[in-house]
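Novice: Quick one, what's the 3D model for this:
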Amino acid sequence: MAIYFFRASIIRRSKGQSAIHAAAYRSASRLHDYRLDRTFDYTAKPDVIHSEILAPAGSPGWVRNRELLWNAVEVREKRRDAQLATELQFAIPEELTQSQAIALAREFVQREFVARGRIVDLNVHWDRGNPHAHVMRTLRELTTDGFGLKENEWRRRGQLVTQWREHWADAANEHLLRAGLDVRIDHRSYHEQGIELEPTRPLSRPVSEVRRRGVRPQGSRKLDELRERNARRIEQRPEIVFDRLTRQQSTFTRRNLAREVVRYVDDVERFRNLMTRLEGSPELVILECETGARGNAVADARYTTRAMLRVEQRIAEIASEMADVAHHPVRGAASDSALSKFPRLSVDEREAVWHLTSARNVVAVAGLTGSGKSEAIAAAKDAWEASGYRVRGATLRGIGAENLEKYSGVESKTLAAWEWEWKTRPAGASSGDVFVIDEAGIVGSRQMARVLSKLHELGAKAVLMGDREQLEPIAAGAAFRAIAERVGYHEVSGMRRPTEPEHWIDRFKRMQRDFTKVAGRFDLDPASKARAAELRQEMKQAAKEISGSTDLMREAARAGISRQVKNLAAENTRTLSEEKGFDLER
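Specialist: Purely as a prediction, here's the structure:
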């Protein structure tokens with residue numbers, strides 16, 4: 001079962017650590033430390049399925065050579081107590097395939113670090129039962145003369161790590177959804193989630209090795225005591241296990257149940273007794289019985305809980321009650337005026353606008369990404385506002401709120417932010433509000449029930465937008481599916497392509513991504529080299545345009561690309577082969 005684990009630390013020379021040693025071990029490679037004149041060889045290390053250095057577009061070619069990169073870092077740092085790199089380690093959901101896991105890790109580091117000007121060394125390890133990734137991240141800015149000043153943002157490391165933890169959960173949940181898996185992870189603590197257990201921490205490798213030899217060091221004893229406290233809580237109230245499982249997925253298997261129990265119980269007899277109590281609990285609902293073996297495989301039983309069924313039933317009931325109320329009519333003239341402002345809308349999108357602006361207090365629209373849902377929302381927003389309503393946007397993820405606001409013009413926040421506002425400012429919402437809930441398929445059932453209950457209580461209108469694939473019975477997105485089945489939905493099926501001129505900032509970031517994909521390896525064929533050179537020249541032109549505008553430079557700073565823009569704008573024309581040069585002493 002997917003677990004949440006995310007740890008950030010610093011590789012420090014004062015602890016006897018070396019960036020070269022760390023990089024060699026994590027990438028299972030052979031690297032030579034020029035400063036110490038020592039070679040580290042971990043090529044025999046198994047289970048490293050992906051190893052890659054990702055760098056911002058416009059970076060010189062030598063930074064993608066692991067040995068040159070980390071030797072440059074070591075040489076640049078003069079102090080005996082120098083901080084060499086940030087290291088991140090995070091668990092990857094084991095439900096994903098290897099290719100899906102690699103795509104998830106790459107997208108996360110690209111969006112979170114590379115797009116902000118940092119070089120990262122990404123390594124994905126596929127240990128049995130423990131897929132995870134190691135990321136080493138440089139701390140200094142890269143200039144035309146090598147590594148320059150250290151970043152200032154690490155001074156607010158607490159805020160940064162909190163942000164990274166949340167963004168990793170967002171990225172993982174998005175990829176789990178794309179894979180059609182009804183599984184989620186949560187970056188919040190057990191206390192914040194309302195789970196009546198104490199979180200366990202993985203033992204360090206040295207402690208684990210000592211423990212296997214029969215010795216119980218202090219760290220191991222503390223873990224045993226914590227597990228015992230959790231085991232006693234579960235014995236007193238076994239339903240705690242169900243609560244924790246259903247916060248991650250609406251259904252679970254017997255294997256999931258057993259793995260959760262074994263986290264706290266080692267004794268075989270005690271384990272069997274707990275499993276017997278859990279499987280005999282009146283709270284457990286069997287969805288699929290265990291079937292007979294086929295060859296060596298046995299199909300696992302699948303369960304849910306009565307509490308989860310009650311939540312989903314409540315969602316359907318609230319949706320039905322809201323659909324029976326029609327308190328949000330839109331004047332015909334307002335709809336006609338709004339549609340006239342969007343002449344490029346397809347027939348399908350126009351029908352979606354009419355569906356969205358119906359008087360009912362809840363409507364649902366489904367469609368694949370790029371099918372035109374945002375354009376339909378933008379037109380409907382004009383009609384709603386012309387009829388006197390206030391339009392608000394809500395999504396599960398922060399990046400989703402930014403995109404909804406950017407592409408539809410709807411003021412947007414995360415659902416958690418709206419729930420906090422409703423709690424602290426009860427008068428902040430009213431029956432005159434229209435709430436557009438985007439990415440509805442990835443909203444958990446409990447949160448969807450809370451949000452719909454609040455909107456129903458206020459008399460506000462709920463507009464749910466989701467992916468068409470989340471309506472399939474076998475896919476994730478149970479809450480959205482339950483609502484769509486109860487109230488009906490309009491499907492936007494056409495694929496829409498942008499027709500407006502691309503914004504300079506968006507263009508530069510797109511070129512960065514394209515350049516990274518093309519030039520991210522050393523074994524480039526002639527065609528790839530030519531394409532990389534072409535993209536780099538286009539980026540220089542874009543950087544020149546952006547640097548010539550104060551407003552665009554402000555936007556570049558907000559997007560985290562101002563440094564790359566300045567470097568490219570000021571850079572003299574050089575060939576790709578000239579950029580491969582690297583002077584260690586410099």
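Novice: Walk me through the domains of the protein.
Specialist: Domain assignment for the chain by automatic domain parsing gives 6-178, 217-300, 312-491, 504-519+535-580.
Novice: Those: which one's closest to I195?
Specialist: Shortest distance between I195 and the domains of the chain, using C-beta to C-beta, is found for domain 217-300: 5.4 Å. (C-beta placed from N, C-alpha, C; glycine too.)
Novice: tell me what the host helix or strand of V451 is packed against?
Specialist: Secondary structure from DSSP states H and E places V451 in helix 445-458. For helix 445-458, the helices and strands in contact under the criterion 3 or more C-beta pairs under 8 Å, 6 or more residues apart in numbering; DSSP states H and E are helix 306-323, helix 415-424, strand 433-437, strand 461-466, helix 478-487.
Novice: Distance to L197 and mean neighbour count added to the domains of the chain, as JSON lines?
Specialist: Written out in JSON lines, the entries for those read as follows (distance: least, C-beta to C-beta, whole Å; neighbours: other C-beta atoms under 10 Å):
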{"stretch": "domain 6-178", "distance to L197": "18", "mean neighbour count": "18"}
{"stretch": "domain 217-300", "distance to L197": "5", "mean neighbour count": "15"}
{"stretch": "domain 312-491", "distance to L197": "17", "mean neighbour count": "19"}
{"stretch": "domain 504-519+535-580", "distance to L197": "38", "mean neighbour count": "17"}
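Novice: Nearest to P199 among those would be which one?
Specialist: domain 217-300 (8.5 Å).
Novice: So, low pLDDT: which residues of the stretch 301-450 of the chain?
Specialist: 368-372 (pLDDT under 70).
Novice: And the helices in the stretch 201-350 of the chain?
Specialist: Taking DSSP state H, counting those that start in this stretch as the criterion, the stretch 201-350 of the chain contains helices spanning 205-212, 218-236, 239-246, 254-262, 268-279, 306-323, 332-340, 347-356.
Novice: Please save the CA atoms from the second one in CSV.
Specialist: In CSV, the C-alpha atoms belonging to helix 218-236 read as follows (Å, rounded to 0.1, in the frame of the first residue of the first chain):
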residue,chain,number,x,y,z
GLN,A,218,18.1,3.0,22.1
GLY,A,219,16.5,3.9,18.8
SER,A,220,15.2,0.4,18.3
ARG,A,221,13.8,0.2,21.9
LYS,A,222,11.9,3.5,21.3
LEU,A,223,10.3,2.1,18.1
ASP,A,224,9.3,-1.1,19.9
GLU,A,225,7.6,0.9,22.7
LEU,A,226,5.8,3.1,20.1
ARG,A,227,4.6,0.0,18.2
GLU,A,228,3.4,-1.6,21.4
ARG,A,229,1.3,1.5,22.3
ASN,A,230,-0.2,1.5,18.8
ALA,A,231,-1.0,-2.3,19.1
ARG,A,232,-2.8,-1.8,22.4
ARG,A,233,-4.9,1.0,20.9
ILE,A,234,-5.8,-1.3,18.0
GLU,A,235,-6.7,-4.1,20.3
GLN,A,236,-9.0,-1.7,22.3
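Novice: Now do it: which elements does it pack against?
Specialist: Based on contacts counted as 3+ C-beta pairs under 8 Å, 6+ apart, the elements that helix 218-236 packs against are helix 205-212, helix 239-246, helix 268-279.
Novice: out of these, which comes closest to A366?
Specialist: Going through these one by one, with C-beta to C-beta as the measure, helix 239-246 comes closest at 24.8 Å.
Novice: when you compare where the closest one runs with where helix 254-262 runs, what's the angle?
Specialist: 120 degrees (axes from the mean of the first three to the mean of the last three C-alpha atoms, to 10 degrees).
Novice: Next, the angle from helix 239-246 to helix 218-236.
Specialist: When the same axes, to 10 degrees is applied, the directions of helix 239-246 and helix 218-236 differ by 110 degrees.
Novice: one step back: for R13, find the nearest of the helices of the stretch 201-350 of the chain.
Specialist: Distances from R13 to each of those were compared using C-beta to C-beta; the minimum, 20.2 Å, belongs to helix 205-212.
Novice: Surely G148 forms part of a strand?
Specialist: Yes. If the criterion is DSSP: H, G, I helix; E, B strand; the rest coil, then G148 is within a strand.
Novice: And it, how far from T138?
Specialist: Going from G148 to T138 by C-beta to C-beta, to the nearest Å gives 11 Å.
Novice: and what of V463?
Specialist: V463 sits 44 Å away from T138 when distances are taken as C-beta to C-beta.
Novice: same deal with P282?
Specialist: Distance check for P282 against T138: by C-beta to C-beta, it reads 56 Å.
Novice: The helices of the stretch 201-350 of the chain: which one's closest to V362?
Specialist: Taking C-beta to C-beta, helix 306-323 is the member of the helices of the stretch 201-350 of the chain nearest to V362, at 3.9 Å.
Novice: That closest one - contacts with which helices or strands?
Specialist: The contact analysis (3+ C-beta pairs under 8 Å, 6+ apart) places helix 306-323 against helix 239-246, strand 284-288, strand 362-366, helix 445-458, helix 478-487.
Novice: And these: which comes nearest T144?
Specialist: helix 445-458 (48.2 Å).
Novice: hang on, E321 packs against E457?
Specialist: No. With contact defined as C-beta atoms under 8 Å, E321 does not count as touching E457 (10.8 Å).
Novice: Output stretch 458-465 as CSV, restricted to C-alpha atoms.
Specialist: What follows is stretch 458-465 as a C-alpha-only set of coordinates in CSV (Å, rounded to 0.1, in the frame of the first residue of the first chain):
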residue,chain,number,x,y,z
LEU,A,458,-25.5,28.0,2.4
GLY,A,459,-27.7,27.6,-0.6
ALA,A,460,-24.8,28.1,-2.9
LYS,A,461,-24.3,26.5,-6.3
ALA,A,462,-21.7,23.7,-6.8
VAL,A,463,-20.2,23.1,-10.2
LEU,A,464,-18.1,20.0,-10.3
MET,A,465,-15.4,19.6,-13.1
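Novice: ok, E228 - contacts?
Specialist: Y264 (C-beta atoms under 8 Å, 6 or more residues apart in numbering).
Novice: all strands of the stretch 51-200 of the chain, in order?
Specialist: Using DSSP state E, counting those that start in this stretch, the strands of the stretch 51-200 of the chain run over residues 83-91, 120-127, 130-138, 140-143, 146-150.
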